[in-house]
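> can you look at this prediction? I've put the sequence above it.
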Amino acid sequence: MILKLKFIGFNRKEEILEIKERKRYFEILEELKINPETVVLIRDSTPVPVDDFAEEGEVTVLRVISGG
């Protein structure tokens, strides 16, 4: 399966990953050294839970910044 990740709010622009086994998005993010609690995943203009299984296609990884 090919997964294209587009990054917003990061130093990287995009990555194309070949996933050989079924994984959840949070597992992929952790392998990329990204804390899953600091991002929102978006597929086809719809938020995707990080605990969903990854699907082939394109996902935007949006860094969330909060403060108080």
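Now that the structure is in, tell me what you want to look at. Just so we're clear, the structure is a prediction, and the values are computed from it rather than from any experiment.
> would you check how far apart residue 44 and residue 56 are?
According to Cβ to Cβ, to the nearest Å, residue 44 stands 13 Å off from residue 56. For glycine as for every other residue, the C-beta is placed from the backbone atoms N, C-alpha and C.
> could you do residue 40 as well?
20 Å.
> can you map out the strands along this protein?
2-8, 14-18, 39-43, 46-48, 57-63 (DSSP state E).
> need the ones you listed in CSV with mean neighbour count, mean pLDDT and distance to residue 29, can you?
Formatted as CSV, the strands of the chain follow (neighbours: other Cβ atoms under 10 Å; pLDDT from 0 to 100; distance: least, Cβ to Cβ, whole Å):
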stretch, mean neighbour count, mean pLDDT, distance to residue 29
strand 2-8, 15, 97, 9
strand 14-18, 11, 96, 11
strand 39-43, 17, 97, 7
strand 46-48, 11, 97, 12
strand 57-63, 16, 97, 7
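> geometric centre of the chain: which residue is closest?
Taking Cα atoms, centre = their mean as the criterion, residue 61 is the residue nearest the geometric centre of the chain, at 4.6 Å.
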